[in-house]
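Asks: Below is the sequence, then the predicted model.
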Amino acid sequence: MVHWTAEEKQLITSVWGKVDVADCGGEALARLLIVYPWTQRFFDTFGNLSSPTAIVGNPKVRAHGQKVLTSFGEAIKNLDNLKATYSKLSELHCEKLHVDPENFRILGDILVIVLATHFGKDFTPACQATWQKLVGVVAHALARNYH
Amino acid sequence: MLTAEDKKLVQQVWGKVCGAEEEIGADALWRMFHSYPATKTYFPHFDMTKCSDQIHGHGKKVMTALTNAVKNIDNLRQALSELSKLHAYNLRVDPPCFSLQFLSLCLQVALATRLGKDYSPEAHSAIDKFMSAVATTLAEKYR
């Protein structure tokens, strides 16, 4: 089980409280598809992904990004039991979606950069370190039930 | 492969942070040491209790090298030749460590906190590719 200090929990919740989930989620997913274009392989049904502008403006990308980040919110509510929280999603990503867990890691890093653009200097090194830890454990939990 | 557009975007981003290189380099290193404590093993002689003069000095060195790489973006191999030898034979930093994730990510966070929305998805992509190219070039002489 992952141990979170009081300071880490505070850094997570204080940032999360200011996050617009639709905006940040949509932006994170868009950046994933732009910066690492091979990830588009999972989104054949999403329509126009032909350019950064198309991706950023694509309503399916935005909606799915919001879905993904909303799920992150669940992790934050259940920091002491991520394994159970992500158990079903882990199976889904393995058995139905066939997503290489490496993609969870790079999406986590992209989320960190998106938060940096939104929060500027407030996204301090301590803040970043805590969120790196969070995205890392979420990625790990999502990969846990792979077989 | 860096396209002409990527190169232009990298140079634009670098232009926007002109003058703040030392601060950004130090910030990037400090963030890296915080988020990835294993990277501190390469600097046992550094004062890590705060963003020390040593960290500032080294951040400035790193950014000077990257600025040189940006200026010579069409010939990274030549621009980074001496540094590649240094990292391969003297410093022997584990290539995946600097090559992929940690420094690149923390430098991008340092840039993103300063540039906000100006660190657009396109700029983000170009810088990520650039740092990847720098890392690959630096790692060329490892074996």
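Replies: Ah, there it is.
Asks: CA only for contacts and neighbour counts going forward, please
Replies: Fine.
Asks: Quick one: the helices in chain B, in order.
Replies: Here chain B has its helices, by DSSP state H, at B:4-16, B:21-35, B:53-71, B:76-79, B:81-85, B:95-96, B:102-115, B:121-139.
Asks: Can you report how many residues lie near residue B:19?
Replies: 10 (other C-alpha atoms under 10 Å in any protein chain shown).
Asks: Next up, the contacts around residue A:67.
Replies: Listed by C-alpha atoms under 8 Å, 6 or more residues apart in numbering or on different chains, the contact set of residue A:67 reads residue A:25.
Asks: Okay, and it sits in which element?
Replies: Using DSSP states H and E, residue A:67 maps to helix A:59-77.
Asks: CA atoms of that helix as PDB?
Replies: What follows is helix A:59-77, C-alpha atoms only, in PDB (Å, rounded to 0.1, in the frame of the first residue of the first chain):
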ATOM      1  CA  PRO A  59     -15.300  17.000 -29.200                       C
ATOM      2  CA  LYS A  60     -14.800  13.200 -28.800                       C
ATOM      3  CA  VAL A  61     -11.200  13.900 -27.600                       C
ATOM      4  CA  ARG A  62     -12.500  16.400 -25.100                       C
ATOM      5  CA  ALA A  63     -15.200  14.200 -23.800                       C
ATOM      6  CA  HIS A  64     -13.000  11.200 -23.400                       C
ATOM      7  CA  GLY A  65     -10.300  13.300 -21.700                       C
ATOM      8  CA  GLN A  66     -12.900  14.500 -19.300                       C
ATOM      9  CA  LYS A  67     -13.900  10.900 -18.600                       C
ATOM     10  CA  VAL A  68     -10.300   9.900 -18.000                       C
ATOM     11  CA  LEU A  69      -9.600  12.800 -15.600                       C
ATOM     12  CA  THR A  70     -12.900  12.200 -13.800                       C
ATOM     13  CA  SER A  71     -11.600   8.700 -13.000                       C
ATOM     14  CA  PHE A  72      -8.500  10.400 -11.600                       C
ATOM     15  CA  GLY A  73     -10.700  12.200  -9.200                       C
ATOM     16  CA  GLU A  74     -11.900   8.800  -7.900                       C
ATOM     17  CA  ALA A  75      -8.200   7.900  -7.300                       C
ATOM     18  CA  ILE A  76      -7.800  11.100  -5.300                       C
ATOM     19  CA  LYS A  77     -10.900  10.200  -3.100                       C
END
